[in-house]
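Engineer: can't give you the sequence, but here's the structure:
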């Protein structure tokens, strides 16, 4: 049971846009930054978004993040088959004093 | 370019102590800007934060693992280590080390190592 809640799966066609939600509470997303990670099959996670909406240097601008209240959203535009992966949201939980993650969302590009 | 490399035994028996080391190359572990963390992922499941430390030795542990956990740093070897005692099958996972930025996010990850606990 993850502290942050994500849909188990989403799907969309190539070149389309998809959004992945991440729901939390005031002890995590509501008052702390959100990050997003992409995990391709058999590899370590890589950072996509940090501080709610910032992209690491070199990260494609097809990936964007936003936050509102106790929820966050990752948007991916211009979907490519190479985007098929599991996406995780993360934050710090001030009540637990722990870094927390969502359960992950499997993206399928149809 | 900074890289992290995890090493350690891949197979343990129940009740043994899991010991892993993360070697940092291409940069110093001594930095006021960075923390260093461990994250694990059971097969087919999601990510779980284990703990984080600062080069000075300050440590921050997941409360659910705290009683069994020790994370330490060796600045002379530019590496940090994880010890998890009394392991059981539920500790079977891929263990990653990562650079932890101000507890907000993990920006660089090691390749991970699968640790299996089985009798």
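Structural biologist: Arrived safely. What you are looking at is a predicted structure, and each value in this text was computed from that prediction instead of being measured. Numbers count the residues shown, from 1 in each chain, chains lettered A, B, ... in the order given.
Engineer: so how far is the first residue of stretch A:66-76 from its last?
Structural biologist: 12 Å (CA to CA, to the nearest Å).
Engineer: cool, stretch B:32-52 as well?
Structural biologist: OK, stretch B:32-52 end separation, CA to CA: 14 Å.
Engineer: what comes up buried for that stretch?
Structural biologist: B:34-41, B:46-52 (16 or more other CB atoms under 10 Å in any protein chain shown). All C-beta atoms are positioned from the backbone trio N, CA, C, and that covers glycine.
Engineer: hmm, that stretch touching chain A?
Structural biologist: Yes. Using CB under 8 Å from any CB of the partner chain, stretch B:32-52 reaches chain A at B:37, B:46, B:47, B:48, B:49, B:52.
Engineer: distance of the first one from residue A:12?
Structural biologist: This means residue B:37. Noted for residue B:37: a distance of 32 Å to residue A:12, by CB to CB, to the nearest Å.
Engineer: mind listing the helices for chain B?
Structural biologist: Shown for chain B, no helices are assigned by DSSP state H.
Engineer: Likewise for chain A?
Structural biologist: So, for chain A - with DSSP H - there are no helices.
Engineer: which residue lies farthest from the center of it?
Structural biologist: Distance from the centre of chain A peaks at residue A:95, with 21.5 Å (CA atoms, centre = their mean).
Engineer: In strands only, show me the residues of stretch B:32-52 next to chain A.
Structural biologist: B:37, B:48, B:49, B:52 (DSSP state E).
Engineer: Would you map the strands across the chain?
Structural biologist: Looking at chain A here, since you left the chain open. Counting by DSSP E, the strands of chain A are A:9-12, A:18-23, A:34-39, A:46-49, A:63-68, A:71-76, A:85-93, A:98-101, A:105-109.
Engineer: that's the wrong chain, I meant chain B
Structural biologist: Under DSSP E, chain B gives strands at B:3-7, B:11-12, B:18-25, B:35-41, B:48-53, B:59-61, B:69-74, B:79-84, B:93-101, B:105-109, B:113-117.
Engineer: Of all those strands, which one is nearest residue A:107?
Structural biologist: strand B:35-41 (17.5 Å; CB to CB).
Engineer: Paired strands for that closest one, with orientation please.
Structural biologist: strand B:48-53 (antiparallel), strand B:93-101 (antiparallel) (DSSP bridges).
Engineer: so can I have JSON lines of those showing mean pLDDT?
Structural biologist: Below are the strands paired with strand B:35-41 laid out as JSON lines (pLDDT from 0 to 100):
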{"stretch": "strand B:48-53", "mean pLDDT": "96"}
{"stretch": "strand B:93-101", "mean pLDDT": "96"}
